[in-house]
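J.: Give me a 3D structure for the following:
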Amino acid sequence: MNADAEDRLPQHLLDAIAPHGLTRAFPANAILINEGDSTDSLYILLRGRVKIYASSDEGRELVLAEHGPGEYFGELTIDGAPRSASIKVLQACTCRVVQGSELRQFLSDHPDFAMHLTHKLIRTVRRLTEQVRSLALQDVYGRMVRVLMELSEPEGPERVLRHKLTQQDIADRVGSSREMVNRVMKELSAGGYIGQRDGRLVILRKLPAAW
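T.: From the prediction side, this is the model:
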């Protein structure tokens, strides 16, 4: 089971939280949350896709995660602290937005939701720990391999990325420039390691351990 599937709320919890909060629609490229905001709402994605990212004063971004239908974000403000990352809409989305006060009561009344949240936070810490380790200890190629493997699923002898990604998307995930990613991708393509199918990247055979 991939991380996306594990983070999705099961149907009985979606049904239970449905009466709480408001349903809102957001267009592509909308910023739902800015790092440092003091809002405390939880967002449950019903449709669409968003990315979670941190950015520098110079405008560089590092993508921390992406979420799709059935997943949720914004839970870290349960403790009342400011938002720790920004959220941008990648594909026009519809969300159930639950205010912090309602969320805290819902957690008290539904311990199975609290357990789901706990497991999600554990997976998030593990994923971010691996991301920090990769940024500190691996070169750009090593970080690219890690990201491509995380975001792809096996299809026969090949692996296919679950979502369409541009070279800039990959650069934002590995903390590098688009130019560097472009150079590595060209070399991998020339070596017969990767290709494109229906707009998605395909890993045709096992990627080299180093480049």
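J.: buried sites along stretch 192-206?
T.: Judged by neighbour count (16 or more other CB atoms under 10 Å), stretch 192-206 contains these buried residues: 193-194, 201-204. The C-beta positions use only the backbone N, C-alpha and C, and glycine is treated the same way.
J.: Just put these in TSV and tack on secondary structure and pLDDT.
T.: Listed next are those as TSV, based on DSSP: H, G, I helix; E, B strand; the rest coil; pLDDT from 0 to 100:
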residue	secondary structure	pLDDT
Y193	coil	96
I194	strand	96
L201	strand	95
V202	strand	97
I203	strand	97
L204	coil	96
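J.: okay, those in JSON lines with distance to G100 next?
T.: What follows is the buried residues of stretch 192-206, written out as JSON lines (distance: CB to CB, whole Å):
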{"residue": "Y193", "distance to G100": "47"}
{"residue": "I194", "distance to G100": "44"}
{"residue": "L201", "distance to G100": "39"}
{"residue": "V202", "distance to G100": "43"}
{"residue": "I203", "distance to G100": "42"}
{"residue": "L204", "distance to G100": "47"}
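J.: In the protein, where is pLDDT below threshold?
T.: 1-4 (pLDDT under 70).
J.: for the residue nearest to S41 when sequence neighbours are not counted, what are its contacts?
T.: Among residues not flanking S41 along the chain, V97 sits closest, at 5.1 Å (CB to CB, 6 or more residues apart in numbering). Under the criterion of CB atoms under 8 Å, 6 or more residues apart in numbering, the contact list for V97 reads 21-24, 41-44.
J.: before we move on, what about I78?
T.: Contact partners of I78, counting by CB under 8 Å, 6+ apart, are 40, 100, 103-104, 107.
J.: who wins for most neighbours among these?
T.: L103 (23 neighbours; other CB atoms under 10 Å).
J.: host element of that one?
T.: helix 100-109 (DSSP states H and E).
J.: So in this protein, which helix runs the longest?
T.: Assignment by DSSP state H gives helix 111-137 as the longest helix of the chain.
J.: for it, which positions count as buried?
T.: Going by 16+ other CB under 10 Å, helix 111-137 has these buried residues: 113, 116-117, 120, 124, 131, 134.
J.: As TSV, those with distance to P69 would be great.
T.: Below are the buried residues of helix 111-137 laid out as TSV (distance: CB to CB, whole Å):
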residue	distance to P69
F113	18
H116	16
L117	18
K120	15
T124	18
Q131	24
S134	28
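J.: Show me the two of these that sit farthest apart.
T.: Across the buried residues of helix 111-137, the longest distance by CB to CB is 31.3 Å; it joins F113 and S134.
J.: Perfect, I'm done here.
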